[in-house]
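Visitor: Following is a predicted model, sequence given first.
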Amino acid sequence: MVDAFNFVNPKCQHYFLTHMHSDHTTGLTKSFSSGTIYASAISARLLAHEWGLRPPTVQVLELGRPTVIQGVTITAIDANHCPGAVMLVFEVPKAAGGVNRVLHTGDCRWQDCLRSDSCLRDKRIDILMLDTTYAVPRWTFPPQQQAIETMVQVMQRTLHEEPATLFVVGSYHIGKERAYLGAAQALGIKVYAAAAKRHLLHLLDMPAEQLKLLTADASSAGIHVGQLGVTPDKLQAYLKQPDTPWKRVVGFRPTGWSYKRSGGVQVWREGAVEVVGIPYSEHSSWNDLRACVAALRPKKIIPTVNAANPEDASRIVERFADLMDHSSNRSRIDMHLVRLPTPSSARAVLPATLPALMDKQDSAVSSETAFAAQLSINSPSATPVQGDSKQAVLAEATPVGDGEFLHSDSTRSQQQPAQCGAMFPEAASGACAATVPQVHSTPALYQMAGMRVAEAAVVEVEPVQQTFDLSSVDVAEQKKLLEHAEQLQRMKRVREQLAAAKSLKRRRSATRQPVVR
């Protein structure tokens, strides 16, 4: 079990701790004896320091070093979260040979180096258990270093206005160290923290040059480490202290929730105190999450945050659907709907869905509108897509499965060549080119050749040329998919008729005059 001390089971003897934040140690007690806890060296040190848990109850997982437990290979990777935080790669043997590879990110701030500098560099991920704290497109806050630079600029400007200014930076028990120590290092000023906090910081393997900035003399430090919930009332207390050397106090809230899409920082002022929100986060931003999924191309994603029920989880997964590997998932119709090359220069327009099922404010199209394409099957009734390559057809269609995408097994970005199976045997040895518009859309059933595209509209989109290898899809399976698609269309028409009848009945009831007796 991973971070699941609240669900201790007699059948489980091995427990894994990704990091020492309280929401990941819920249920853990100083008397824990239900099995072995595996953690990073820093987390193991903290377990001994704060919980009194030591070997053999606690075992250290060295970063990058595979450990085999009951036939399962586990490798810990730096998670770029708080000190000691790790991601865990589980390689579970299959009965038929090979392994299922699961990556549990714990809490993570994804960067490309987490893959390129680890065992993930040359391994494929089957299941990705992803930290989805900020899995909404509005949270595109900047990289950590840029956020720290913003905080330093605010400090420099404030010191220029009033040299006798104290800065109070909010932090967790463990976490945000890079923010306040990094700012102090850039400005060359001392950092004050309580004795227990200073002792804790020396357990976290922080850089020696930053630890030298810590001091026990509060009056000589330009930065004080406080709680994350910095408020004007708490800052006013510094000015009310007797013989205080400070004339102004500025508090910082380093959190991704402070991010403003319009730019700049959030500032609250009350007299000689102010609170500044800095978009510094130790969780992955929306762009980081997209980059993570694009790099790993998992076959399945399990959200670990904001996914309390299957509906919420499905909604989150759909936002990354276009970046996942669905080559072995034949339950998705969209991966089979590929246009055959024709003697003419006609092209098939296939969707490469970007985030779907987002909040309405972030969706580029109405939830009632979905992308659809007519596909040629070398039939006289088939209508090839004509016109400029920048045009795509939008039409209403019935949502199916988890979304749309066509991708290869090789790691790549969404704009690189993809591979998929052939839909019809006539092109089993050939390849076809498809112009893939980059549009936001909701999941949709792509309409077959000869099927009418309803309420079509034309939009301008930027095309990306992709090539599809037509080689390996079972013909019987294709026929089943087509029959299923037609059945869905019939069901949709029935639902629409029922909805229209109910609507008419409601309107008639609303206009019916009461009988006066």
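Guide: Perfect, thanks for sending it. Quantities reported herein were computed from a predicted structural model and do not represent experimental measurements.
Visitor: contacting residues around Gly170?
Guide: Residues near Gly170 by CB atoms under 8 Å, 6 or more residues apart in numbering: 176, 226-230, 251-255. (C-beta placed from N, C-alpha, C; glycine too.)
Visitor: Checking my notes, it in a strand, right?
Guide: Yes. Using DSSP: H, G, I helix; E, B strand; the rest coil, the assignment for Gly170 is a strand.
Visitor: Give me the mean pLDDT for stretch 299-314.
Guide: Stretch 299-314 shows an average pLDDT of 93 in the prediction.
Visitor: Could you pull out the buried residues of that stretch?
Guide: Under the neighbour-count criterion of 16 or more other CB atoms under 10 Å, stretch 299-314 has 299-304, 307, 313 buried.
Visitor: Which ones among these lie within helices?
Guide: Ala313 (DSSP state H).
Visitor: which one of the buried residues of stretch 299-314 sits closest to Ser328?
Guide: Lys299 (6.5 Å; CB to CB).
Visitor: what about that closest one, distance to Asn100?
Guide: 9 Å (CB to CB, to the nearest Å).
Visitor: Give me the common contacts of the two.
Guide: By CB under 8 Å, 6+ apart, the residues touching both Lys299 and Asn100 are 126-127.
Visitor: Turn the buried residues of stretch 299-314 into CSV, columns for distance to Leu211.
Guide: Converted to CSV, these look like this (distance: CB to CB, whole Å):
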residue, distance to Leu211
Lys299, 43
Lys300, 42
Ile301, 39
Ile302, 38
Pro303, 37
Thr304, 32
Ala307, 38
Ala313, 41
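Visitor: Most neighbours of all the contacts of Gly170, which one?
Guide: Phe252 (29 neighbours; other CB atoms under 10 Å).
Visitor: ok so, going back, now the contacts of Gly170 in JSON lines, with pLDDT, distance to His24 and secondary structure?
Guide: Formatted as JSON lines, the contacts of Gly170 follow (pLDDT from 0 to 100; distance: CB to CB, whole Å; DSSP: H, G, I helix; E, B strand; the rest coil):
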{"residue": "Lys176", "pLDDT": "95", "distance to His24": "16", "secondary structure": "coil"}
{"residue": "Gly226", "pLDDT": "92", "distance to His24": "23", "secondary structure": "strand"}
{"residue": "Gln227", "pLDDT": "88", "distance to His24": "19", "secondary structure": "strand"}
{"residue": "Leu228", "pLDDT": "85", "distance to His24": "17", "secondary structure": "coil"}
{"residue": "Gly229", "pLDDT": "86", "distance to His24": "20", "secondary structure": "coil"}
{"residue": "Val230", "pLDDT": "90", "distance to His24": "24", "secondary structure": "coil"}
{"residue": "Gly251", "pLDDT": "96", "distance to His24": "27", "secondary structure": "strand"}
{"residue": "Phe252", "pLDDT": "96", "distance to His24": "25", "secondary structure": "strand"}
{"residue": "Arg253", "pLDDT": "95", "distance to His24": "22", "secondary structure": "strand"}
{"residue": "Pro254", "pLDDT": "95", "distance to His24": "20", "secondary structure": "strand"}
{"residue": "Thr255", "pLDDT": "94", "distance to His24": "18", "secondary structure": "coil"}
